[in-house]
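J.: Provide a 3D model corresponding to the input given below.
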Amino acid sequence: MSNIVVAALYHFTRFDDHEALQGSLQAICESEGIKGSLLLAFEGINGTIAGPRVGIDAALKHIRALPGCTDLDHKESFTDKMPFLRMKVKLKKEIVTMGQPQVDPTASVGSYVEAEEWNSLIAREDVVVIDTRNDYEVAIGTFVGAVDPKTNSFGDFPEWWEQNKDRFLDKKIAMFCTGGIRCEKSTNYLLGKGVQDVYHLKGGILKYLENVPEEESTWDGQCFVFDSRVSVGHGLKKGGYELCFACRMPLLPVDFDRPEYEHGVTCHKCIDQHSEDRKERFRERQKQVMLAAKRGMQHIGG
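T.: This is a model prediction of the structure:
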């Protein structure tokens, strides 16, 4: 059995002084052998961490002891290889950036839909399903029939909605994202715009892939995740994608055979985006990664 636990979590709550929480949170994670990334802002906490069972339990206990975090929920998956290089607790203005100061998920959000009930909801003719993730995430997998806003970042969603809202008059809106956090804000945003029937997938795609049998699934493809696994499929098993170092876009094994691909330097998605000087820096970095591997070490950026 895979012995590394990967815990994805978020929780919206009002921290009076989120900066004061950073040091102790960093310390408990490091002392327990935890790696990953956690974001702290006045509006709450968000992130993914990985480590041994005992360490993850200790870190989650610490987080649930933070102000307003008693009922924090999290989602777990398992892997044989540590998916992070280091542990970072970062201070941010938002734990997921939408750029809409009036949005407040602690005040109201859409109606939660359990993973087991999602298929029935999105099959209805009066329901429009919207993927709130970024374009590169949608490209490797989404629910059949879902609307793709083709946004480069979550902050683009409000503008997309204003430009497209007339397409969805008299429709119920069902939204989903990777773990649920973006839908907390996007559903609050739509409620503030007067949309009355707003739903979102509780626990996000990860909970759906974990709980819904593949033979009953309406998910097509894989789900992008923000760690070295790159993607997961049904049962939260590691998918077949890898990242291009240069542009951080997901690639399939077949993409490695394309003439534009140079390991650690370029792929077909970014070959024209970098200067020759930058490509040379990438080549030197890749050389250092390979030398570190020969010494039995891991290059910090590898």
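
J.: any idea how far residue 45 lies from residue 210?
T.: Here residue 45 is placed at a distance of 22 Å from residue 210 (CB to CB, to the nearest Å). Just so you know, the C-beta spots here come from the backbone N, C-alpha and C atoms, and that holds for glycine as well.

J.: How about residue 87?
T.: For residue 87, the distance to residue 210 - CB to CB - is 25 Å.

J.: what do you get for residue 261?
T.: Distance, residue 261 to residue 210, by CB to CB: 33 Å.

J.: Kindly format the C-alpha coordinates of stretch 272-282 as PDB.
T.: Below are the C-alpha coordinates for stretch 272-282, written out as PDB (Å, rounded to 0.1, in the frame of the first residue of the first chain):
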ATOM      1  CA  ASP A 272       8.100  29.700 -29.400                       C
ATOM      2  CA  GLN A 273       7.600  31.400 -26.100                       C
ATOM      3  CA  HIS A 274      11.200  31.500 -24.800                       C
ATOM      4  CA  SER A 275      14.400  33.300 -26.100                       C
ATOM      5  CA  GLU A 276      17.500  31.300 -26.900                       C
ATOM      6  CA  ASP A 277      19.200  32.700 -23.800                       C
ATOM      7  CA  ARG A 278      16.400  31.400 -21.600                       C
ATOM      8  CA  LYS A 279      16.500  28.000 -23.300                       C
ATOM      9  CA  GLU A 280      20.200  27.900 -22.500                       C
ATOM     10  CA  ARG A 281      19.500  28.600 -18.900                       C
ATOM     11  CA  PHE A 282      17.000  25.700 -18.900                       C
END
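
J.: who's more crowded, residue 45 and residue 210?
T.: Neighbours per residue (other CB atoms under 10 Å) separate residue 45 from residue 210, with residue 45 holding more: 24 against 16.

J.: Quick one: end-to-end length of stretch 147-158, please.
T.: Terminal residues of stretch 147-158 are spaced 15 Å apart (CA to CA, to the nearest Å).

J.: average pLDDT for it?
T.: Confidence for stretch 147-158, expressed as mean pLDDT, is 97.

J.: same check, this time on stretch 15-34
T.: Stretch 15-34 shows a mean pLDDT of 98 in the predicted model.

J.: just how off-centre is it within its chain?
T.: 21 Å (CA atoms, centre = their mean, to the nearest Å).

J.: hmm, who's touching it?
T.: The contact list for stretch 15-34, computed with CB atoms under 8 Å, 6 or more residues apart in numbering, reads 35-36, 38, 40-44, 49-52, 54-56, 58-59, 62-63, 66-68, 87-89, 91.

J.: for stretch 267-286, same thing?
T.: For stretch 267-286, the external contacting residues (CB under 8 Å, 6+ apart) are 244-247, 249, 251, 255, 258, 260-266, 299, 301.

J.: one step back: which ones among the contacts of stretch 15-34 map onto strands?
T.: If you go by DSSP state E, the contacts of stretch 15-34 have 35-36, 38, 40-41, 44, 49-51, 87-89, 91 in strands.

J.: which among the residues you listed end up buried?
T.: Using 16 or more other CB atoms under 10 Å as the burial test, the ones in strands among the contacts of stretch 15-34 include 35-36, 38, 40-41, 44, 49-51, 87, 89 as buried.

J.: Whichever of the contacts of stretch 267-286 end up buried, select them in ChimeraX.
T.: Of the contacts of stretch 267-286, the buried ones can be selected in ChimeraX as follows, counting by 16+ other CB under 10 Å:
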select :244,245,246,247,249,251,255,261,262,264,265,266,299
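
J.: Helices - which of the contacts of stretch 267-286 land there?
T.: Nothing among the contacts of stretch 267-286 maps onto helices, per DSSP state H.

J.: which ones are touching residue 145?
T.: Contact analysis of residue 145 by CB under 8 Å, 6+ apart lists 122, 129, 218.
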